[in-house]
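Peer 1: Fold the following.
(2 chains)
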Protein chains: 2
Amino acid sequence: MASELPATTPEPPPLAGVLETVLYYTAPLEARVDRFYRNVLGMRPIGRKPGQFLFFRAGRSVFLLFETDRAREQESPPPHGSRGPGHTCFQVPTHSYGAWKAHLTAHEVPVEGETEWPGGGRSFYFRDPAGNALEIADRDIWPD
Amino acid sequence: MASELPATTPEPPPLAGVLETVLYYTAPLEARVDRFYRNVLGMRPIGRKPGQFLFFRAGRSVFLLFETDRAREQESPPPHGSRGPGHTCFQVPTHSYGAWKAHLTAHEVPVEGETEWPGGGRSFYFRDPAGNALEIADRDIWPD
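Peer 2: Numbering: from 1, shown residues only, chains lettered A, B, ... in the order given. This is a model prediction of the structure:
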């Protein structure tokens, strides 16, 4: 198309950012995982196929959970699927950081640790029912 | 703090979005993985500890790669670490989608498939040297 950049470039064009962040679960945990992200983290469901995947909107981001074994069996899109605890960090408005900790504690989700970052900001760690290590940060803790 | 929300809320406060997206690699592949994300995908390095992690900025997002076994051994932050191919999708400016396909082909990265999405937009799939399934989408293919 005339509007596109030249066909080959020595430098890659810029990436806008990450569109989809993915974690995994195993089938027996699906109902608990679904309830956790929907009711405890308050994510908005945008897709679901039982035994296969749970898709959510998390603010400006898309957050996808796949059942590992099914994702490994698929042919298209290309197969993927990790086992063992993954990790991701969610950002919350700075003023709601304390409320998030209290909210998780009220849902009996243990806080596993908390960090004050040298460049400013803080974050705390907890787990989803699949064992994934989650983090909530009170700002972009990766300043330029 | 006076500026914070009430200590417990039945509804969780809103999430702003995903701050950190994580994939994994194993130690023998570290140099190839580093070169791939730096030189082929053009991400800006923001942290590196040999044998342990490779951190990048990808546009508005933070993209972290951890060596699985080391991440599983750490005590703080809490341990994590998945084995097997993870998945993530990067968004690129719509006008650069064709240039991205050409760029990857010029670097001999095979395109494993391509999808036209019912709601508009398209994306294609490829792998990093650790076997993670990556995707590049020409827009937010998850419209509200």
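Peer 1: C-alpha from now on. contacts and neighbour counts both.
Peer 2: Will do.
Peer 1: tell me which residues in the longest helix seen in chain A are buried?
Peer 2: Identified as the longest helix of chain A according to DSSP state H is helix A:97-106. Neighbour-count burial for helix A:97-106, counted by 16 or more other Cα atoms under 10 Å in any protein chain shown, picks out A:97-104.
Peer 1: Tabulate those (a markdown table), appending distance to A:Thr21.
Peer 2: Shown next, in a markdown table, are the buried residues of helix A:97-106 (distance: Cα to Cα, whole Å):
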| residue | distance to A:Thr21 |
| --- | --- |
| A:Tyr97 | 22 |
| A:Gly98 | 25 |
| A:Ala99 | 24 |
| A:Trp100 | 21 |
| A:Lys101 | 22 |
| A:Ala102 | 25 |
| A:His103 | 23 |
| A:Leu104 | 22 |
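Peer 1: Do a quick rundown of the strands in chain A.
Peer 2: A:17-25, A:44-49, A:53-58, A:61-67, A:87-91, A:113-116, A:122-127, A:133-137 (DSSP state E).
Peer 1: Out of these, indicate the one that is most buried.
Peer 2: Across these, averaging neighbours per residue (mean count of other Cα atoms under 10 Å in any protein chain shown) puts strand A:17-25 on top, at a mean of 25.
Peer 1: Just the angle for it relative to strand A:53-58, thanks.
Peer 2: 140 degrees (axes from the mean of the first three to the mean of the last three Cα atoms, to 10 degrees).
Peer 1: What are the contacting residues of strand A:17-25?
Peer 2: Around strand A:17-25, the neighbours that count as contacts under Cα atoms under 8 Å, 6 or more residues apart in numbering or on different chains are A:33, A:61-68, A:81-83, A:86-87, A:130, A:132, B:18, B:21-22, B:58-61, B:63, B:86-92, B:140.
Peer 1: Next up, the contacts around the nearest residue to A:Pro129 once chain neighbours are set aside.
Peer 2: Leaving aside its sequence neighbours, A:Pro129 sits nearest to A:Val33 (Cα to Cα, 6 or more residues apart in numbering or on different chains; 5.6 Å). By Cα under 8 Å, 6+ apart, the contact list for A:Val33 reads A:25, A:128-130.
Peer 1: Just the terminal-to-terminal distance for stretch A:80-88.
Peer 2: 18 Å (Cα to Cα, to the nearest Å).
Peer 1: Outside of it itself, list whatever touches it.
Peer 2: Contacts of stretch A:80-88 (Cα under 8 Å, 6+ apart): A:23-24, A:66-69, A:71-72, A:130-135, B:18-23, B:80-87, B:132-133.
Peer 1: Off-centre distance for stretch A:60-73?
Peer 2: Taking Cα atoms, centre = their mean, to the nearest Å, the mean C-alpha location of stretch A:60-73 is offset from the chain mean by 10 Å.
Peer 1: and if you look at stretch A:92-108?
Peer 2: Worked out by Cα atoms, centre = their mean, stretch A:92-108 lies 17 Å from the chain centre.
Peer 1: Hey, what's the angle from the longest helix of chain A to strand A:133-137? Just curious.
Peer 2: Using the same axes, to 10 degrees: helix A:97-106 against strand A:133-137 is 150 degrees.
Peer 1: So for A:Pro143, what's the pLDDT?
Peer 2: Here, the pLDDT recorded for A:Pro143 equals 73.
Peer 1: Which residues are in contact with the residue lying closest to it once chain neighbours are set aside?
Peer 2: Residue nearest to A:Pro143 in three dimensions, not counting chain neighbours: A:Gly119, with 7.3 Å by Cα to Cα, 6+ apart. If you count contacts by Cα under 8 Å, 6+ apart, A:Gly119 has them with A:141-143.
Peer 1: got a winner among the residues you listed for most neighbours?
Peer 2: A:Ile141 (19 neighbours; other Cα atoms under 10 Å in any protein chain shown).
Peer 1: does A:Phe36 really touch A:Asp128, like I thought?
Peer 2: Yes: if you go by Cα atoms under 8 Å, A:Phe36 and A:Asp128 touch, sitting 7.0 Å apart.
Peer 1: Right, I'll call it a day here.
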